[in-house]
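Undergrad: with the input below, show me the fold.
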Amino acid sequence: MEKRNKMLDGMLIGALVGAAITLFDKETRENFIHNGKRVGGKIKYAVQHPQEVTDSVRRQIETVKTTVDDVSKDMEYLRTKINELKETTPQVLEIVQDTKEVLSKHLDSPKNN
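TA: Got it, this is the predicted structure:
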């Protein structure tokens, strides 16, 4: 168990050192501060307005459910149409072949030459 703790400690220290080094870059530091303030503001808002946040999440979940349901229905419709095409295509090909044969016989008859 001692080795695992050292490994976890080493990983955390490495991550912190890496994060600290990246903050030497001014643009990265400014982005980090900006994003931190933005996230902090959202957390503060969520704490102050929990019901509104809950309602918003519920609406988004319902939207996703509706979209998934619509896509599922569309996929089922397409699957049905593909199966219909699979069934009718051989019949259509047979009709075309028969028509071709009849026309060929008619055009090849001595009467038309």
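Undergrad: in the helix-or-strand element of the chain with minimal mean pLDDT, what's buried?
TA: Ranking every helix and strand in the chain by mean pLDDT, DSSP states H and E puts helix 2-22 at the bottom, with a mean of 85. By neighbour count with 16 or more other CB atoms under 10 Å, helix 2-22 contains no buried residues. The way it works is simple: take the backbone N, C-alpha and C, and place the C-beta from them, glycine included.
Undergrad: what does it contact?
TA: Contacts to helix 2-22, defined as CB atoms under 8 Å, 6 or more residues apart in numbering, come from residues Thr28.
Undergrad: for that helix, list the C-alpha coordinates in PDB.
TA: Presented in PDB, the C-alpha positions along helix 2-22 are these (Å, rounded to 0.1, in the frame of the first residue of the first chain):
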ATOM      1  CA  GLU A   2       2.900   2.300   0.700                       C
ATOM      2  CA  LYS A   3       4.100   2.200  -3.000                       C
ATOM      3  CA  ARG A   4       0.700   3.100  -4.300                       C
ATOM      4  CA  ASN A   5       0.500   6.100  -2.100                       C
ATOM      5  CA  LYS A   6       4.000   7.200  -3.300                       C
ATOM      6  CA  MET A   7       2.900   6.800  -6.900                       C
ATOM      7  CA  LEU A   8      -0.300   8.800  -6.300                       C
ATOM      8  CA  ASP A   9       1.700  11.500  -4.500                       C
ATOM      9  CA  GLY A  10       4.200  11.600  -7.300                       C
ATOM     10  CA  MET A  11       1.500  12.000  -9.900                       C
ATOM     11  CA  LEU A  12      -0.200  14.800  -8.000                       C
ATOM     12  CA  ILE A  13       3.100  16.600  -7.400                       C
ATOM     13  CA  GLY A  14       3.900  16.200 -11.100                       C
ATOM     14  CA  ALA A  15       0.600  17.600 -12.100                       C
ATOM     15  CA  LEU A  16       0.900  20.600  -9.800                       C
ATOM     16  CA  VAL A  17       4.400  21.300 -11.000                       C
ATOM     17  CA  GLY A  18       3.300  21.000 -14.600                       C
ATOM     18  CA  ALA A  19       0.400  23.300 -14.000                       C
ATOM     19  CA  ALA A  20       2.600  25.800 -12.200                       C
ATOM     20  CA  ILE A  21       5.100  25.800 -15.200                       C
ATOM     21  CA  THR A  22       2.300  26.400 -17.700                       C
END
